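[1] sequence below, structure please.
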Amino acid sequence: MEENEERLQKYLARKGIASRRKCEEYIEQGLVKVNGNVVTELGTKINPSKDKIIFKRKRNKK
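    Here you go, the predicted model:
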């Protein structure tokens, strides 16, 4: 695991999108994009300082 990586659902929950479990549902429903690609796999690792995260067409600010 790279230094600043974290699981996508944990990142979304930390940003106040919803609870971690609800964020997992959003990911499974295909409502989250990472760097332009829809992510549906739980446990996907992202780097918040490098990756562009979009939830329901809204870019998540750092």
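
[2] just the helices in this protein please.
    Here the chain has its helices, by DSSP state H, at 8-14, 20-28.

[3] gap between residue 33 and residue 44?
    Computed as Cβ to Cβ, to the nearest Å, the residue 33 to residue 44 distance reads 11 Å. (Each C-beta comes from the backbone N, C-alpha and C, glycine too.)

[4] am I right that residue 7 is in contact with residue 48?
    No: at 11.1 Å, residue 7 does not count as touching residue 48 under the criterion of Cβ atoms under 8 Å.

[5] more neighbours, the two?
    residue 7 (18 against 15; other Cβ atoms under 10 Å).

[6] tell me the most buried of the helices of the chain?
    Scoring the helices of the chain by mean neighbour count under mean count of other Cβ atoms under 10 Å gives helix 8-14 as the most buried, with a mean of 20.

[7] what's that one packed up against?
    For helix 8-14, the helices and strands in contact under the criterion 3 or more Cβ pairs under 8 Å, 6 or more residues apart in numbering; DSSP states H and E are helix 20-28, strand 32-34, strand 45-46, strand 53-55.

[8] quick one: closest of those to residue 14.
    In terms of Cβ to Cβ, the element of these nearest to residue 14 is helix 20-28, at 8.8 Å.

[9] name the residues that touch the closest one?
    Here helix 20-28 makes contact (Cβ atoms under 8 Å, 6 or more residues apart in numbering) with 8-10, 12-13, 17-18, 32, 39-42, 44, 55-56.
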